[in-house]
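# Below is the sequence, then the predicted model.
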Amino acid sequence: MGFERFSARDFEVFAISGFQGRMGAIRGRVRPKLESLGEALLPDLARLAGDEVFAHVAKHARRTVNPPDDTWVAFGPDRRGYKKAQHFKVAISRHATRFLFEIGPEHAEKRRWAAAWKLKAPKLAPALKAARGLAWFRNEHDEEPRALLADLSAGEITGLADELTRTRDGQLVLGRRAGEAEVVTWGPEEYRAVAVATFTPLAPLYRLG
């Protein structure tokens, strides 16, 4: 797996004040690593998805004033973009890297996906609860999860689908957080191992889409 590990300097990019300075560091330091990480993980994620998967590195094109607090590579079924479909994501921010599965605010069919999840969740919840470190994040940009899935009942995990339709910007975000101190010690194979271990129990949710 060809990928240059994230260093402490990469995490420090998100402490840079000012839009131009932080965006310049993201483009110059972090984005190339996300691009190579995306390419390296594609075969594993295509296998888990059971179909072709495309990597999309965040461009932050809509931002002109406030610098982003995180950036990422997302993996989805559409060559043109990822936001309207279910997707996996590896995101880096000031203190952590997160391996996430998301049904985002712009997903094209949130109500249909939520209904499908409620039918399947009772069978899938035990595996989600048993997976080490899997958690629920209230928002895709949150560094800290709201709750570990191991601490939720099967019914509560099923009910997370309601987050999609509760508000216009509703989203469902599940995954694992790894802190900076841990991540900077990883080599390429550790990234692959953590990604596969995190996304394997989440793959049935991806395939619901």
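It's in.

# Mind listing the residues bridging to F137?
Taking DSSP bridges as the rule, F137 bridges to V173.

# do A74 as well
H56, K89.

# That one against F88, yeah?
Yes. The pair A74 / F88 is scored as a contact, 7.0 Å apart, by Cβ atoms under 8 Å. In short, each C-beta sits where N, CA and C put it, glycine included.

# which stretches of the chain form helices?
8-12, 19-25, 31-49, 110-130, 154-159, 162-166, 180-183, 188-208 (DSSP state H).

# Format the CA atom coordinates belonging to the least confident helix or strand in the chain by mean pLDDT as CSV.
The least trusted helix or strand in the chain, going by mean pLDDT, DSSP states H and E, turns out to be helix 162-166, with a mean of 90. C-alpha atoms of helix 162-166 as CSV (Å, rounded to 0.1, in the frame of the first residue of the first chain):
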residue,chain,number,x,y,z
ASP,A,162,-34.6,9.2,12.4
GLU,A,163,-31.6,11.6,12.5
LEU,A,164,-31.9,11.6,8.7
THR,A,165,-35.4,13.0,8.6
ARG,A,166,-35.6,15.0,11.8
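
# Run the chain-centre distance for it.
18 Å (Cα atoms, centre = their mean, to the nearest Å).

# Need the residues that contact it.
For helix 162-166, the surrounding residues in contact (Cβ atoms under 8 Å, 6 or more residues apart in numbering) are I103, H107, K110, R111, W113, A114, R138, G170, Q171, L172.

# remind me which residues of the protein are low pLDDT?
Along the chain, segments meeting pLDDT under 70 span 1-2, 209.

# Restrict stretch 116-134 to CA atoms and write it as PDB.
Listed next in PDB are the C-alpha coordinates belonging to stretch 116-134 (Å, rounded to 0.1, in the frame of the first residue of the first chain):
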ATOM      1  CA  ALA A 116     -34.600   0.200   4.500                       C
ATOM      2  CA  TRP A 117     -32.300   0.600   7.500                       C
ATOM      3  CA  LYS A 118     -35.100   0.100  10.000                       C
ATOM      4  CA  LEU A 119     -36.000  -3.200   8.400                       C
ATOM      5  CA  LYS A 120     -32.400  -4.500   8.400                       C
ATOM      6  CA  ALA A 121     -31.100  -2.900  11.600                       C
ATOM      7  CA  PRO A 122     -32.400  -5.500  14.100                       C
ATOM      8  CA  LYS A 123     -30.200  -8.100  12.400                       C
ATOM      9  CA  LEU A 124     -27.200  -5.800  11.800                       C
ATOM     10  CA  ALA A 125     -27.100  -4.000  15.200                       C
ATOM     11  CA  PRO A 126     -25.300  -6.800  17.100                       C
ATOM     12  CA  ALA A 127     -22.300  -6.800  14.700                       C
ATOM     13  CA  LEU A 128     -22.200  -3.000  15.000                       C
ATOM     14  CA  LYS A 129     -22.300  -3.100  18.800                       C
ATOM     15  CA  ALA A 130     -19.500  -5.700  18.800                       C
ATOM     16  CA  ALA A 131     -17.100  -3.800  16.500                       C
ATOM     17  CA  ARG A 132     -14.300  -2.200  18.400                       C
ATOM     18  CA  GLY A 133     -14.600   1.600  18.700                       C
ATOM     19  CA  LEU A 134     -17.600   2.100  16.400                       C
END
